[in-house]
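*Asks:* Provided below are the primary sequence and the corresponding predicted coordinates.
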Amino acid sequence: MIKLCLADNHPVVHYGMKSYFNDNPQISFVGVVNNLDALIEVLSKKTVDIAVVDLELEGLTSISNVKNLVRDFPDTKIVVFTNLAEQIYAPNALKAGISAYVHKSSRLEDLESAIKKVDEGDVVFSDAVKKNLALLNKGKKSERLYRKLSSREIEVLRYLSEGKKNKEIAHLLDLNEKTISTYKLRLLTKLHVTNLVDLVNKAKTLDIV
């Protein structure tokens, strides 16, 4: 029996997942939470084989949080189930130590398959991500551009695209406000734009956010 914990902000996802797996003899839920603190509490107190985690989970502000989960709970495998673009976020998430990356546009059958494969010791991600990891310096313009960005720069860009100010981003990522300004300048340079509006538009055009 695979002991599963779901960490997602949305009640409809909680309901849909529990309904889908309700009669599955191989999978049982030992926790369903809607924020990072609650997830950590469940992982600390219960035996969890696999945690299905949304990268937009409340309180999960950085890929560093994912790294910490992998480090602090080595007996629990992390399956990311999120709306964030796979080609952008999966490589860094995989480097952080997750076991699978499933986009929320996928069928629940695909998520079930990923959970079972991860339980057997596999690492699950798409052929597109395999290609991106293997061919770091080749590919289309959009691929070349996002590969130039660090995981931290992608996080800052994501928050900028949501309209957050430097001070808010600094608080979320536990960084100095001046550091956020530095990241913003790097992003402007790397994406070849001169202002915030064009930066966000370029990021959306390239499917970075």
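*Replies:* That came through, no problem. Numbering: from 1, shown residues only.

*Asks:* how much space between residue 74 and residue 151?
*Replies:* With distances taken as Cβ to Cβ, to the nearest Å, residue 74 is found 21 Å from residue 151. (Glycine included, C-beta is placed from N, CA and C.)

*Asks:* neighbour-wise, which of the two wins?
*Replies:* The residue with the greater number of neighbours, taking residue 74 and residue 151 and applying other Cβ atoms under 10 Å, is residue 151; the counts read 18 against 9.

*Asks:* I'd say the more buried one and residue 94 touch.
*Replies:* No. In terms of Cβ atoms under 8 Å, residue 151 does not count as a neighbour of residue 94; the distance is 11.0 Å.

*Asks:* which residues of the chain fall in strands?
*Replies:* 2-7, 27-33, 50-53, 77-82, 100-103 (DSSP state E).

*Asks:* Tabulate the ones you listed (a markdown table), appending distance to residue 193.
*Replies:* Compiled in a markdown table, the strands of the chain are given as follows (distance: least, Cβ to Cβ, whole Å):
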| stretch | distance to residue 193 |
| --- | --- |
| strand 2-7 | 35 |
| strand 27-33 | 38 |
| strand 50-53 | 32 |
| strand 77-82 | 26 |
| strand 100-103 | 27 |
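
*Asks:* Quickly compare the ones you listed and say which is most buried.
*Replies:* strand 50-53 (a mean of 24; mean count of other Cβ atoms under 10 Å).

*Asks:* residues making contact with that one?
*Replies:* 2-8, 17, 39, 43, 60, 66, 69, 73, 76-82, 99, 111, 115, 118-119 (Cβ atoms under 8 Å, 6 or more residues apart in numbering).
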